[in-house]
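[1] here is a sequence with its predicted model. Questions after.
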Amino acid sequence: MQPPFLELSYFVGPERKDAAMRVIASLGAQARPDDAFRIIGLPGRPEQPVASCGVVTVRTEGVDFCGPNRDDVRRLRELGAQVYAAFIRVAEAIDCLYGAILVEYSLEEPGELRRDPRSLAFRNFYLGRRLGPRTRAGVLKLLPQTAYALELDGGLYVSTSAELNPDGRSIDSEDGQYLSTRIGRVIAGLSRSSASS
């Protein structure tokens, strides 16, 4: 598998990592003619589950979401719809604290966010209900009207990239970077007790 990587990453905590990986393995091993692990399902792209400390990830090649490939808006929206649907399906299945759809960035654990909340991970992300209503309210308060937010059974999905939400809503890239850091601060400040439970 070649970089750049597209990653569906979820913070579940070290104590829930093995259980989350079993769920991911089960979702990725559903009957396939070629016996390949597949959750995201991008054409011709291999996938692999990865675990590190308290973060579990489904990784594939992300070249479709980088550089000049972003100019084919129709194809980007088609692929983005697959990624968005897969991301939410896994997030709801593994009961994560939070997660993000990432290309070329990593998802930080709560301790890393407390040390340095300047994260680029919170542009297209999920906040699980275990973070609590104060965290969700704090994040919603920060969102501009052009961001996409959807309440789900297990949490809240937020997207600031047009290709990763069904309404095509987005915000400027520079504003998205600033917003991601502000959201990282909210999660770092309010997830202390949840992250250790």
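    All right, it came through fine. Numbering: from 1, shown residues only.
[2] please name every helix or strand in contact with the lengthiest helix in the chain.
    Secondary structure of the chain per DSSP state H: the longest helix is helix 73-94. Secondary-structure packing of helix 73-94 (3 or more CB pairs under 8 Å, 6 or more residues apart in numbering; DSSP states H and E): strand 5-11, helix 17-28, strand 55-61, strand 98-103, strand 124-128, strand 155-159. Heads up, the C-betas are built off the backbone N, CA and C, glycines and all.
[3] quick check: buried residues in it?
    76, 79, 80, 83, 84, 86, 87, 88, 90, 91, 92, 94 (16 or more other CB atoms under 10 Å).
[4] swap in stretch 18-35?
    Applying 16+ other CB under 10 Å to stretch 18-35 flags 20, 21, 23, 24, 27, 28 as buried.
[5] quick one: low-confidence parts of this structure?
    Scanning the chain with the threshold set as pLDDT under 70 gives 31-34, 190-197.
[6] middle-most residue in it, spatially?
    Closest to where the C-alpha atoms of the chain average out (CA atoms, centre = their mean) is residue 100, at 1.8 Å.
[7] do I have it right that it meets residue 121?
    Yes - proximity of residue 100 to residue 121 meets the contact threshold set by CB atoms under 8 Å, at 4.4 Å.
[8] how about the buried residues of stretch 18-35, which pair is most distant?
    Taking every pair in those and measuring CB to CB, the maximum separation is 12.3 Å, between 20 and 28.
[9] got a list of what residue 122 touches?
    Neighbour list for residue 122: 100, 158, 179, 180, 183, 184, 187 [criterion: CB atoms under 8 Å, 6 or more residues apart in numbering].
[10] I misspoke; the intended subject was residue 180.
    119, 120, 121, 122, 123.
[11] just checking, it is part of a strand?
    No - using DSSP: H, G, I helix; E, B strand; the rest coil, the assignment for residue 180 is helix, not a strand.
[12] tabulate the buried residues of stretch 18-35 (a markdown table), appending distance to residue 147.
    Formatted as a markdown table, the buried residues of stretch 18-35 follow (distance: CB to CB, whole Å):
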| residue | distance to residue 147 |
| --- | --- |
| 20 | 27 |
| 21 | 31 |
| 23 | 28 |
| 24 | 27 |
| 27 | 27 |
| 28 | 30 |
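[13] cool, thanks, talk later.
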